[in-house]
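J.: Quick one: sequence and predicted model below, then my questions.
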Amino acid sequence: MAELRNKIRDRILAFLCEPLIRRALYYLLMLCLVIEEYLIRILLEE
């Protein structure tokens with residue numbers, strides 16, 4: 001069971017190390033932060 005878990009973790013880490021994937025996740029995070037900031041501003045104005 002632990003061996004399978006390690007294999008899956010290695011696959012995920014290899015996947016996340018792809019530059020394109022990492023960049024996409026980074027942009028997604030930035031987008032979420034921008035949306036959060038926008039929503040907070042809207043809520044504070046009301």
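T.: That came in fine, so what should we check first? All figures in this text were calculated on a predicted structure; none of them were measured in a lab.

J.: Only C-alpha atoms from now on, for both contacts and neighbour counts.
T.: Fine.

J.: which residues touch the host helix or strand of residue 3?
T.: According to DSSP states H and E, residue 3 maps onto helix 2-16. For helix 2-16, contacts defined as Cα atoms under 8 Å, 6 or more residues apart in numbering pick out 21, 22.

J.: low-confidence ranges in this protein?
T.: Along the chain, segments meeting pLDDT under 70 are nowhere present.

J.: need the longest helix for this structure.
T.: Identified as the longest helix of the chain according to DSSP state H is helix 19-45.

J.: For that one, could you pull out the residues that count as buried?
T.: For helix 19-45, burial by neighbour count (16 or more other Cα atoms under 10 Å) applies to no residue.

J.: The residue sitting nearest the centre point of the chain and residue 17: what is the separation?
T.: Nearest to the geometric centre of the chain sits residue 25, at 4.4 Å (Cα atoms, centre = their mean). Residue 25 sits 11 Å away from residue 17, going by Cα to Cα, to the nearest Å.

J.: With residue 36 instead?
T.: Residue 36 is 27 Å from residue 17, by Cα to Cα.

J.: Check residue 32 too.
T.: 21 Å.

J.: same deal with residue 43?
T.: To residue 17, residue 43 is 37 Å away according to Cα to Cα.

J.: next one: residue 2
T.: Plainly put, residue 2 is 22 Å away from residue 17 if you go by Cα to Cα.

J.: So between the two, which is more surrounded?
T.: More crowded of residue 2 and residue 17, by other Cα atoms under 10 Å: residue 17, with 12 against 7.
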